[in-house]
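Peer 1: mind looking at a prediction? Sequence and model below.
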Amino acid sequence: MTAVQQRELAFLQDRFTTLAMLMLARAAQSQGSFWEAEEAVGAMVRALRAPLSESALRTSVASADRAYVCPECDVPLRRWDRQDREVVTAHGTCMLESWRYRCPVCRTDHRPIEEANGLVGSRFTAGAKLRIASRAADVPYAATASSLSESGIEISAKEVDRPVAEVSSWRQSEEREVVEATFAPMGCLQEDVKSAEVPLLFDWRGWSAREMLLMSVDGAAIRSPERGDEGLLWYEGRSALMRPAREKSRAHPLYLSGVYPCDDLFDLLAAAYRQGPNPQRWVLFIADGARWIWERVGLYFPKRIEVLDIYHAGEHFASAGIACFGEGSERAKQWRRQARCMLLEEDCGRAVLRALVRQMRHPTQVLDLHALQTEFRFFWTNRHRMRYRRLTEAGLPVGSGAMESAVKQISTQRLRQPGMKWSRRGAHAMLCLRAAHLSGALAATAKRKADSMHQVAGRYQQGQALRPAA
């Protein structure tokens, strides 16, 4: 054990003993009330956060190499000024002994430790930013600030926005990096993008390399603060889901989300797919009838089985019955009841088309011929995506319930709460953050960012210039 560790251990033993005596004295006065005893334990735990954090940071700083050199002049830096500053860690607020270094040649000031830990212009460590962003991904900013104060992280609701935007930008930067590594300059897909230099967007442990993947994408409306002729404007946030096709699989699903253009979302989904255990496996792609989806599926996933969500197919079949017989009529209700049975028949696509053709042969008996023709075109376009019976017999899903649940978790539950309005930039940051959080990938992103920031200290020790590339 080093001298620094011995000193810090003695410091912690002294503080622990003092706080433990206070806790025991308060527990002795509780007169058998476990409530009061537990309050005494809570008070001790809260009081220990600051000394534990301060001792850990002091030990970490002492372990760093102090032989810093100026990155511009390659000459040793000199200690210039000491300042105690408040730092918010993942476990609470504490004081940090901060040293400022100065180059004797160019007279430039440097703070290597603060730069290596993202504390220049911020009082939050990377670990604290991760805790703030993870909590804000679940609840509004006011509730985030309130719940974090119980953990020793003091932050106002207004301050929460900055760590959220910063952590989300880390994730967005990684997504862009993976997409750029996946696609060649001319837009062609690269077969192998597994490189130590390319971050993994997801932890693939627990995924079988042989099992078919289920994929789906969908959109959800987000309320904007901008006003139009009919009130507040709405725009679409798009989300994607990828998980093993077998519902019994325990592998954690991957979520991707943001205010993406259609192509950007599919670029990201294809890049994530190629990082998986087997980038050549078959994909079961389930979605509704949106043209922006099916126009791109074949381009990005050659090995695929396309499936029109059976619930959307049923809704369109019911709409065809309403066009024929009218809303609320007994024949329309009977038509709706037979929809499920018909869709689960062998070669149901042909059966549905034949049923619609029989009605169109008698146009005078159809209440809304134009609507019926629209539904016919819908089923004709998607006829090859309606192999429901074969898929169900194989134990594979035929509905987009998993995607609907994903949209609800990612977007609706967080961005559609009462009174919420989002700018496109703010909504994109929150959707990206929440998708990574629900995928269990946000902590890995923050760790990679902390490691990259810590390389700054190595550059100071080696004298490598920190100037950005021209």
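Peer 2: Yes, it's here. Here the structure is a predicted model, which means the values were calculated and not measured.

Peer 1: strand partners of the single longest strand found in the chain, parallel vs antiparallel please.
Peer 2: Counting residues, the longest strand found in the chain (DSSP state E) is strand 213-228. According to DSSP bridges, strand 213-228 forms sheet pairs with strand 231-244 (antiparallel), strand 283-287 (parallel).

Peer 1: now it: buried residues?
Peer 2: By neighbour count on 16 or more other C-beta atoms under 10 Å, the buried set for strand 213-228 is Leu213, Leu214, Met215, Ser216, Val217, Asp218, Gly219, Ala220, Ile222, Arg223, Ser224. Placement of C-beta: from N, CA and C, glycine included.

Peer 1: any idea which of the strands paired with strand 213-228 scores lowest on pLDDT?
Peer 2: Confidence, taken as mean pLDDT, is least for strand 231-244 of the strands paired with strand 213-228 (a mean of 92).

Peer 1: need the residues that contact the helix or strand just after that strand.
Peer 2: Next helix or strand after strand 231-244 toward the C-terminus (DSSP states H and E): strand 254-258. Applying C-beta atoms under 8 Å, 6 or more residues apart in numbering, the contact partners of strand 254-258 are 172, 175, 201-202, 237-243, 265, 268-269, 272, 406, 409-411, 428, 431-432, 434-436, 438-439, 441.

Peer 1: looking at these, which are in strands?
Peer 2: Cross-referencing these against strands under DSSP E gives Gly237, Arg238, Ser239, Ala240, Leu241, Met242, Arg243.

Peer 1: do I have it right that the first one meets Asp218?
Peer 2: Yep, that's Gly237 we're talking about. No. Counting by C-beta atoms under 8 Å, Gly237 stays clear of Asp218, with 9.9 Å between them.

Peer 1: shared neighbours of the two, anything?
Peer 2: If you check Gly237 and Asp218 against C-beta under 8 Å, 6+ apart, no residue is contacted by both.

Peer 1: buried ones in the helix ranked longest in the chain?
Peer 2: Longest helix of the chain, by residue count under DSSP state H: helix 34-63. Within helix 34-63, the residues that count as buried by 16+ other C-beta under 10 Å are 37, 40, 44, 47-55, 57-58, 61.

Peer 1: for Cys73, give me its contacts.
Peer 2: Cys103, Val105, Cys106.

Peer 1: out of the residues you listed, who's nearest Ile153?
Peer 2: Set against Ile153, the nearest of the contacts of Cys73 by C-beta to C-beta is Cys103 (35.2 Å).

Peer 1: low-confidence ranges in the stretch 201-350 of the chain?
Peer 2: In the predicted model of the stretch 201-350 of the chain, residues 247, 249 satisfy pLDDT under 70.

Peer 1: give me that answer again for 90
Peer 2: Residues of the stretch 201-350 of the chain meeting the criterion pLDDT under 90: 204-211, 226-233, 245-252, 276-281, 289, 325-342, 344-349.

Peer 1: from the chain's centre, how far out does the longest helix of the chain sit?
Peer 2: Relative to its parent chain, helix 34-63 has a centroid offset of 31 Å by C-alpha atoms, centre = their mean, to the nearest Å.

Peer 1: next SSE downstream of that helix?
Peer 2: Downstream of helix 34-63, the next assigned helix or strand under DSSP H and E is strand 78-89.

Peer 1: tell me, how many residues neighbour Ala318?
Peer 2: For Ala318, the count of nearby residues is 17 (other C-beta atoms under 10 Å).

Peer 1: neighbouring contacts of the helix or strand where it lies?
Peer 2: Taking DSSP H and E as the criterion, the element that holds Ala318 is helix 310-325. Here helix 310-325 makes contact (C-beta under 8 Å, 6+ apart) with 288-289, 331-332, 335-336, 339-340, 342-343, 352, 356, 359, 365-369, 371-372, 375-376, 378-379, 382, 386, 388, 398-401.
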